[in-house]
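> my questions are about this predicted structure, shown below with the sequence.
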Amino acid sequence: MELVEAIILSVLAASTPLLIAATGELVTERSGVLNLGVEGMMIMGAACGFAGAWLTGSIIIGAICGIIAGTLMSLVFALMALGLAVNQVATGLALTILGIGLSGLIGAGFVGERITPAPHLYIPVLTDIPLIGRVLFGEDAFVYLSIALIVGVWWFLYQTRTGLILRACGDNHVSAHALGYPVLRIRTLAVMFGGACAGLAGAYLPLAYTPFFIPGMTAGRGWIALALVVFSSWRPGRLVVGAYLFGAVTILQLHAQGWGIGIPSQFMSALPYLATVIVLVLLSRARTGGSTAPAALGTVFVPDR
Amino acid sequence: MQLVLEKRAERSNRIALVSPLIAIGLTIVTMSILFAVLGKNPVLALHAYFIAPLTDGYSLQEIAVKATPLVMIAIGLSLCYLANAWNIGAEGQFLIGAVAGSWIAVKTQGTDAGAWVLPAMLLLGAIAGALYALIPAVCKVKFGASEILTSLMLVYVADLFLDYLVRGPWRDPHGFNFPTTAEFDPVATVPLLIEGGRLHLGSIIALLVVAAAAVLLGRTIKGFEIRVVGAAPRAARFGGFNSNQLIILTFAVSGALAGLAGIIEVAGPVGHLQPGISPGYGFTAIIVAFLGRLNPIGILIAGLFLALTFIGGEQAQIAMKIPLDVTKVFQGILLFYVLACDSLILYRFRLVFPNRQVTRGTG
């Protein structure tokens, strides 16, 4: 039983950064913008989040620093891709390259330092319930936040008028513009939300997942988050399923090494990346009838005057 | 205040030529500020970055050595990007090419094999790179899977595979437990062009690749097809050009070039297979491709320039203790400015003030 509990706890921990980052990107893409810079914003969130937490001794301030870093990065993207109408794919790549460099520069002074990671919740009685207690009532705050975030996004997209307008911008920016909606402003806000989420997701890594910072510690999670958005067919509900599935694959890989399976560790480590490729192929194949992606995704919009 | 873009009646060729220079200028200004923030003298730092490496023969050779893989990979990527196929996994294709070619070197180690070894290694490296690039291309064409994500995921897979080989089956038994193969035999090594120097045959191969690409793009129907499919997909369909076929072709060529670059790097400057054979050549080549305006000659110049930043970055680290990551920041900022300046080719920027907007009435 303890093993099952431990596995579920570690799956949740591994899934949470993917879920947070993918939630942000889901909103961005729903508004019609493809931001491939998630990895760059995440790694900046990790570096700035750790720096903030180490300097102030506060996990919360660390998380805020991560969010600010991710948002600032996303603003650079918005200026380029929305303000200057630059190709979104190329801008996203640039953002990732810049993020990896900057985070190395910022984080260099903090390599080797440690912090006390975010505490896990402990509610007497509730957390002590066998089996479900630790899993339901003993997580760190980020886990609960990630769930609140995706529920909030679901509610926003499908239950509010603003959410409807945002989706309209993603599906047909010309019509949305003709109806008088400020397409570029809505997209900028969506991009910033994506950046804030990516920054928070990155900050989760040194603040809760491991208590230290190493350069390149996001290790492609930003890209996996991007794949998860495709996996989810741009729907919040499926995104949760996808994120936890991928978290499980990551943990399977770690535990398999502990169980002494005779497969070299590098092959097991490659599993999440291979799984991403396979999932992308299977999903795209299943969707031959017509794409579920927002129709205007990745296209440049320059309003006529 | 609001920034407004106005579409130009036609693309400005004058700006197309000047824009990479503006981008480099803006990058240098930004870097000066960054150096000042880091507490370094910007003038000295810029000198260490851009001037010092040009002043001695050894560094000049080193620039050519570093530019070799960058130019080869970027030429391949430019073909992909021109055809609107987004291969961003060149780093993985580079690593797989290095691994495949090294296989022959490892197997023939100490067997006094003939002169066929090196050509066979280069060939196998190119084939392996092409096959590895075909995975995302086929997934794209057959199933519609995003080639951006799949090609990138395969970078991590290639990296781990290389790591496995040099820590496991291919590890040098006399290597003090370091994760590396034994030094390659002389027959498995790319010959040097200058006795005792660093410049090697790979640089000549890179120049040939540039020339071949220039001919392909400028003088052949295939090159025309690639550019039409990328620039005007609808027109290309009417013209009967098959864009799927071009995705496969450009991915295969770019994978082959990346793989070739990989094996040349391992059999040349590095001399053995080990992790970390690439300081991100596959990603930097993306910048080279854009900075070079997706044009073969432009890419050659851009490759030399980015190689200069690698060497300058190393020298600045030694001379002024400037962190090596500054080079990556530099490259990222440069790519931003290149893209932003490219926007000037198609649009005119204008600042609009809200009070003027009001007087416009209903639009």
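On my side now, so go ahead.

> rest of the way, CA atoms for contacts and neighbours
Will do.

> list the contacts of residue A:141.
Neighbouring residues of residue A:141 by C-alpha atoms under 8 Å, 6 or more residues apart in numbering or on different chains: A:118, A:119, A:120, A:121.

> okay, and residue 20 sits in which element?
By default, I'm working from chain A. helix A:2-30 (DSSP states H and E).

> wrong one, I was asking about chain B
Using DSSP H and E, residue B:20 sits in helix B:13-37.

> buried residues in that helix, which are they?
B:15-16, B:19-21, B:23-24, B:26-28, B:31-32, B:34-35 (16 or more other C-alpha atoms under 10 Å in any protein chain shown).

> among the residues you listed, which one sits closest to chain A?
Of all the buried residues of helix B:13-37, the one with the least separation from chain A (C-alpha to the nearest C-alpha) is residue B:34, at 10.8 Å.

> get me the contact residues on chain B for chain A.
B:3-5, B:139, B:143-146, B:149-150, B:153-154, B:156-157, B:160-161, B:163-164, B:283, B:323, B:325-333, B:335-336, B:339-340, B:342-343, B:363 (C-alpha under 8 Å from any C-alpha of the partner chain).

> can you rerun that using 7 Å?
For chain B, the residues found near chain A under the criterion C-alpha under 7 Å from any C-alpha of the partner chain are B:3, B:5, B:139, B:143-145, B:149-150, B:153, B:156-157, B:160-161, B:164, B:323, B:325-326, B:328-329, B:332-333, B:335-336, B:339-340, B:343, B:363.

> among those, which ones are in helices?
B:149-150, B:153, B:156-157, B:160-161, B:164, B:325-326, B:328-329, B:332-333, B:335-336, B:339-340, B:343 (DSSP state H).

> could you list the low-confidence segments of the stretch 1-150 of chain A?
Scanning the stretch 1-150 of chain A for pLDDT under 70 picks out the ranges A:1, A:131, A:134.

> spell out which residues of it are next to chain B.
Within the stretch 1-150 of chain A, the positions near chain B by C-alpha under 7 Å from any C-alpha are A:80, A:83-86, A:91, A:94, A:97-98, A:101-102, A:104-105.

> at 6 Å what do you get?
With the criterion set to C-alpha under 6 Å from any C-alpha of the partner chain, the stretch 1-150 of chain A comes near chain B through A:94, A:97, A:98, A:101, A:102, A:104, A:105.

> buried subset of the residues of chain B next to chain A?
Neighbour counting with 16+ other C-alpha under 10 Å marks B:5, B:139, B:143-145, B:149-150, B:153, B:156-157, B:160-161, B:164, B:323, B:325-326, B:328-329, B:332-333, B:335-336, B:339-340, B:343 as buried within the residues of chain B next to chain A.

> list just the nearest of the contacts of residue A:141 to chain B.
Lowest distance from chain B to those (C-alpha to the nearest C-alpha) belongs to residue A:118, with 28.9 Å.

> show me the helices in chain A, by range?
With DSSP H as the criterion, chain A has helices spanning A:2-30, A:38-56, A:59-78, A:88-107, A:132-137, A:141-159, A:161-171, A:173-178, A:183-204, A:221-231, A:236-258, A:265-269, A:271-286.

> out of those, which one sits most buried?
helix A:38-56 (a mean of 30; mean count of other C-alpha atoms under 10 Å in any protein chain shown).

> next, count neighbours for residue A:113.
Under the neighbour criterion other C-alpha atoms under 10 Å in any protein chain shown, residue A:113 is assigned a count of 13.

> how much space between the residue nearest to it when sequence neighbours are not counted and residue B:131?
For residue A:113, ignoring the flanking residues on the chain, the nearest one in space by C-alpha to C-alpha, 6 or more residues apart in numbering or on different chains is residue A:212 at 6.2 Å. Relative to residue B:131, residue A:212 is positioned 39 Å away (C-alpha to C-alpha, to the nearest Å).

> one more: residue B:331?
29 Å.

> cool, and residue B:15?
When C-alpha to C-alpha is the yardstick, residue B:15 and residue B:131 sit 39 Å from each other.

> do residue B:324 as well
34 Å.

> what do you get for residue B:345?
Residue B:345 sits 36 Å away from residue B:131, going by C-alpha to C-alpha.

> same list, the contacts of residue A:141, but as TSV with distance to residue A:300 and neighbour count please.
Shown next, in TSV, are these (distance: C-alpha to C-alpha, whole Å; neighbours: other C-alpha atoms under 10 Å in any protein chain shown):
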residue	distance to residue A:300	neighbour count
A:118	41	20
A:119	44	13
A:120	44	15
A:121	45	14
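
> adding distance to residue A:59, write those residues out as JSON lines.
What follows is those, written out as JSON lines (distance: C-alpha to C-alpha, whole Å):
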{"residue": "A:118", "distance to residue A:59": "6"}
{"residue": "A:119", "distance to residue A:59": "9"}
{"residue": "A:120", "distance to residue A:59": "12"}
{"residue": "A:121", "distance to residue A:59": "14"}
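
> which one of those sits closest to residue B:291?
For those, the residue nearest residue B:291 by C-alpha to C-alpha is residue A:118; the value is 43.4 Å.

> give the contact list for the closest one.
A:207, A:208 (C-alpha atoms under 6 Å, 6 or more residues apart in numbering or on different chains).

> helices of chain B, residue ranges please.
Chain-ordered helices for chain B, with DSSP H as the definition, fall at B:13-37, B:42-46, B:57-82, B:90-107, B:117-138, B:147-167, B:201-219, B:221-231, B:233-238, B:243-265, B:281-291, B:296-320, B:325-346, B:354-359.

> for the record, mean pLDDT for the fourth one?
Just to be clear, that refers to helix B:90-107. On average, the pLDDT along helix B:90-107 is 96.

> what about residue B:154, how many residues nearby?
Residue B:154, neighbours per other C-alpha under 10 Å, totals 26.
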